[in-house]
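# got a structure for you, letters missing:
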């Protein structure tokens, strides 16, 4: 497990983060419903030659969770900008997966952050976005948050497995499920879904275009959440340098093919 032994206070709430290694900095941004632990098989290899920063986004993992919390994609972009200032980073390499990719793009196009290189993995970044399940949760958040624990556990297991092309190891499932258990965690899980507002993508897409840094995209060939076609569309909108399909990988590439992630970042 990755150590998240530091705490950053952002707008009155605590955010857990960690850093391993020394050298040119790399920032890893996880997606939903994952946490910084999504990078646990990747960080040791990157940290051999880089200072690798990772964190749990607001309302995720070991970061603080509470009723009424704003966990929208816009807030996550604000957090990234604040962390850059806290860490004293100017042009790190940034890797964003899923909603972490959206946070990285918002950081660049809306907050003026600058990167040495941007790697987007199965990113939530173009429309249409959101599944019927997400829409249903938005309409009935309280009902989902109040489900019996066993029903929530079964739903989360099915959701997490759908993100992977291969059967998830029990260790992986327990790692991802733990922060979303209990009264606080279960409510936080459905809060994240209910606040996944597509307006955060709508306001960003018109800004897409050539960037001042190389952009590389990595996509699980068997991603059923965000199909490869949407990744190729995003690559075109950003004038990306490369688009790599990962055979045999689904949406959570870090689990299906961590070696491909390492190769993409170090390549």
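Yep, that arrived. Bear in mind the structure is a predicted one, so any value in this text is a computation, not a measurement.

# quick one: average confidence on whichever helix or strand residue 232 is part of?
Residue 232 is located in helix 228-237, with elements delineated by DSSP states H and E. Regarding helix 228-237, the rounded mean pLDDT is 98.

# Let me know the next secondary structure element after that helix.
Downstream of helix 228-237, the next assigned helix or strand under DSSP H and E is strand 242-246.

# Only the buried residues of that next one, if you could.
243, 244, 245, 246 (16 or more other Cβ atoms under 10 Å). The C-beta positions use only the backbone N, C-alpha and C, and glycine is treated the same way.

# Settle this for me: residue 126 is touching residue 233, isn't it.
Yes. In this structure, residue 126 is within contact of residue 233 by Cβ atoms under 8 Å, at 5.5 Å.

# Grab the longest strand from the protein for me.
For the chain, the strand reaching the highest residue count under DSSP state E is reported as strand 13-20.

# strands paired with that strand, and their directions?
Strand 13-20 sits in its sheet next to strand 6-10 (antiparallel), strand 50-55 (antiparallel), going by DSSP bridges.

# out of these, deepest packed?
Sort the strands paired with strand 13-20 by mean neighbour count, taking mean count of other Cβ atoms under 10 Å, and strand 50-55 sits at the top with a mean of 24.

# ok, and what's touching that strand?
2, 4, 8, 15-30, 36, 39, 43, 46, 63, 83, 87, 89, 92-93 (Cβ atoms under 8 Å, 6 or more residues apart in numbering).

# Show me what secondary structure element comes after that strand.
Next in sequence after strand 50-55, counting helices and strands by DSSP H and E, comes helix 73-87.

# List the buried residues for that next one?
By 16+ other Cβ under 10 Å, the buried positions in helix 73-87 come out as 73-84, 87.

# same deal with stretch 109-118?
Under the neighbour-count criterion of 16+ other Cβ under 10 Å, stretch 109-118 has 109, 110, 113, 114, 115, 117, 118 buried.

# Next one: residue 234 from residue 60, what distance?
Using Cβ to Cβ, to the nearest Å, one gets 23 Å for the distance from residue 234 to residue 60.

# Buried residues in stretch 11-23, which are they?
13, 15, 16, 17, 18, 19, 20, 21.

# Please apply the same query to stretch 233-250.
Buried residues in stretch 233-250, counting neighbours by 16+ other Cβ under 10 Å, are found at 234, 235, 238, 240, 243, 244, 245, 246, 249, 250.

# Report the two of those separated the most.
For the buried residues of stretch 233-250, the farthest-apart pair by Cβ to Cβ is 238 and 250; their separation is 22.6 Å.

# In terms of pLDDT, where does residue 240 sit?
In this model, residue 240 is scored at 98, pLDDT.

# which residues pair with residue 117 across the strands?
What pairs with residue 117, by the bridge criterion (DSSP bridges), is residue 93.

# I'd say it and residue 96 touch.
No. Look at residue 117 against residue 96 with Cβ under 8 Å: they stay out of range, at 11.7 Å.

# ok, back up a step: so which elements touch the helix holding residue 232?
strand 215-220, strand 242-246 (3 or more Cβ pairs under 8 Å, 6 or more residues apart in numbering; DSSP states H and E).

# Now tell me what touches it from outside.
By Cβ under 8 Å, 6+ apart, helix 228-237 touches 120, 122-123, 125-126, 205, 208-209, 215, 217, 219, 221, 223, 240, 243, 245.

# can you do 6 Å?
The contact list for helix 228-237 (Cβ atoms under 6 Å, 6 or more residues apart in numbering) reads 125, 126, 208, 217, 219, 243.
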